[in-house]
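S.K.: give me coordinates for this.
(one chain, ligands or ions: 1)
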Amino acid sequence: MRTDVQVAVIGGGIVGVSVLYWLAKLGWTDTVLLERRELTSGSTWHAAGNTTYFGPYPKMTQLFAGSIRTYLQAQEESGQSVGFHETGSLRLAATQRELDLFHVYKPRFAQMGIPFHIRTPDEVSRLHPLIDAGDIFGAAHTPTDGHVDPTGATNAVAAAARTMGAAVERHCPVASLRPEGGKWLLETPAGTVTAQQVVVATSFWAREMLAAIGLNPPLFATQHHEIITETVPEIAVLDSELPAMRDSYVSCSVRQERDGLLIGIYETAPEFWALDGIPKDFKEELLPPNIDRLMPHLERLMERMPTFAQAGIKVANNGPMCFTPDGLPMLGPIPEKAGLWLASGFNVGIGTGGGSAEFLAKWITSGHPVPGLEAVHADRFGNDMTAEAALDAIRKVYARGYHLPDSI
Ligand SMILES: Cc1cc2nc3c(=O)[nH]c(=O)nc-3n(C[C@H](O)[C@H](O)[C@H](O)COP(=O)(O)OP(=O)(O)OC[C@H]3O[C@@H](n4cnc5c(N)ncnc54)[C@H](O)[C@@H]3O)c2cc1C
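M.R.: Here you go, the predicted structure:
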């Protein structure tokens, strides 16, 4: 095991492996990634893998676009499939304001070279015959996005990083970190790792890990549900895969999963998990699902997609998912802790992990952030936000689900 490195990355989810990958791409291979258990052991293994260009926050489109590019590049380089399905996505306009905003966003997508069309309700029905388009104003259509297999993507990115010379250590939990002599010392069961720089990519575990050195990042675990249905006969007869649908009225995303539907739900009254501390023996686990809480959303989905009313539920998953008070990840150096970087707080980490890692790795290797993404800088909450204030803000931002932001 490498015990004296330029950069140690802690955490082997999609974000940690992507940081390792991008550091290697930029020529920094004196690195090691330390993962507590297996790669993907946190939220990554149970994610739906949606990688749209059109996330909840338009300013993050750059990160979404960079993520799909990262995964496809790593697939090419590693020879391992990331399972990309290019289904495209429809972001429904449930209100006239949403449709107006899509027109505002359109030039941004054109600038980035991302195909983006505004569809009429009739066109939506043709693209997605299961949607009842009677009550919508139209949709934004991004035809070249879709979804990946999160485990496949993580492994492909890690394999490509290794091929370039980076190292990965699994079953190597970091028990503590501390600065000493201008470097960082990381204690692991396999011995002390000395690193000039450290990237903390441990998602909701980062809060406790950093509290031990006097930091107070507002990173908390929400409970997030997804539902997978049994086979839907109307889907089984289709020749091509349906585009994903996102809808503020239902507060859900819905995509095809084999011959059924996979539904991710942003509840209006979200619940947290493990506020008293992440259980020390937490493995690759899901939390008990609570279908009653989802019913208001599922009833709306039956209006929007009447076929869903006939579909049997095969699986209901409830997984912990990291959230910050504004719903954006925390990326960048930690003030007054020279050499310590944060890459945590992702609630759409498959969608944005690859692109965020590119952004962070460029910052680490050049000393300067790419401008324009100040909204994700790690220092934006300061160090004094109370847990109550953070939880209150997270509740509000989570409940907004697929609502577009108030400001343009
Ligand atoms: C039901 C559900 C569906 C989702 N669907 C989507 C989706 O469709 N699209 C999307 O973009 N996002 C989705 N997400 C969110 C997505 O799963 C996360 O945003 C993403 O996986 C976060 O990646 P990460 O690398 O930041 O964290 P994680 O995957 O949680 O990785 C953190 C890693 O750090 C390791 N670790 C922790 N402590 C230590 C330590 N002390 N030492 C060493 N290692 C440590 C953990 O073992 C873990 O492997 C979904 C989430 C849920 C719950």
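
S.K.: counting neighbours, what do you get for A212?
M.R.: Number of residues near A212 (other CB atoms under 10 Å) recorded here: 11. The C-beta positions use only the backbone N, C-alpha and C, and glycine is treated the same way.

S.K.: same check, this time on the one 4 residues further on
M.R.: When neighbours are defined as other CB under 10 Å, N216 has 16 of them.

S.K.: any idea whether the nearest residue to it once chain neighbours are set aside is helix, strand or coil?
M.R.: Ranked by CB to CB, 6 or more residues apart in numbering and with sequence neighbours excluded, the top spatial neighbour of N216 is N383, at 5.0 Å. Reducing the assignment at N383 to three states with DSSP: H, G, I helix; E, B strand; the rest coil gives coil.

S.K.: what distance do you get for N383 to Q75?
M.R.: Distance check for N383 against Q75: by CB to CB, to the nearest Å, it reads 39 Å.

S.K.: name the residue in these two with the higher neighbour count.
M.R.: Q75 (21 against 14).

S.K.: contacting residues around the more buried one?
M.R.: The contact partners of Q75, by CB atoms under 8 Å, 6 or more residues apart in numbering, come to S81, V82, F84, A156.

S.K.: that one: which element?
M.R.: Using DSSP states H and E, Q75 sits within helix 61-78.

S.K.: what do you get for L262?
M.R.: Secondary structure assigned from DSSP H and E places L262 in strand 260-265.

S.K.: returning to what we had before: in the helix holding Q75, what counts as buried?
M.R.: Along helix 61-78, the positions that meet the burial threshold by neighbour count (16 or more other CB atoms under 10 Å) are 61-68, 70-75, 77-78.

S.K.: wait, doesn't the residue nearest to N216 sit right on A211?
M.R.: No: taking contacts as CB atoms under 8 Å, N383 lies outside contact range of A211: 10.7 Å.

S.K.: do stretch 227-246 and the ligand meet at all?
M.R.: No: under the criterion of CB under 6 Å from any ligand atom, the ligand is not reached by stretch 227-246; the shortest gap measures 9.1 Å.

S.K.: show me the shaky parts of the protein.
M.R.: Counting by pLDDT under 70, the ranges of the chain that qualify are 55-59, 407-408.

S.K.: just want the most central residue of it.
M.R.: With distances taken as CA atoms, centre = their mean, G349 lies nearest the centre of the chain, 1.6 Å away.

S.K.: that one touches A47, doesn't it?
M.R.: Yes: with contact defined as CB under 8 Å, G349 reaches A47; the gap is 7.3 Å.

S.K.: joint contacts of these two?
M.R.: The overlap between the contact sets of G349 and A47 (CB under 8 Å, 6+ apart) consists of I14.

S.K.: can I get stretch 260-272 in CSV, CA atoms only?
M.R.: Coordinates of the C-alpha atoms in stretch 260-272 are reproduced here as CSV (Å, rounded to 0.1, in the frame of the first residue of the first chain):
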residue,chain,number,x,y,z
GLY,A,260,-41.3,-1.6,-16.0
LEU,A,261,-41.0,1.8,-14.5
LEU,A,262,-38.5,3.2,-12.0
ILE,A,263,-39.8,6.1,-10.0
GLY,A,264,-37.7,8.4,-7.8
ILE,A,265,-39.6,10.6,-5.4
TYR,A,266,-38.8,13.9,-3.8
GLU,A,267,-41.3,13.9,-0.8
THR,A,268,-42.8,17.2,0.3
ALA,A,269,-42.1,16.3,4.0
PRO,A,270,-38.7,14.5,3.8
GLU,A,271,-37.3,12.5,6.7
PHE,A,272,-33.7,12.4,7.8
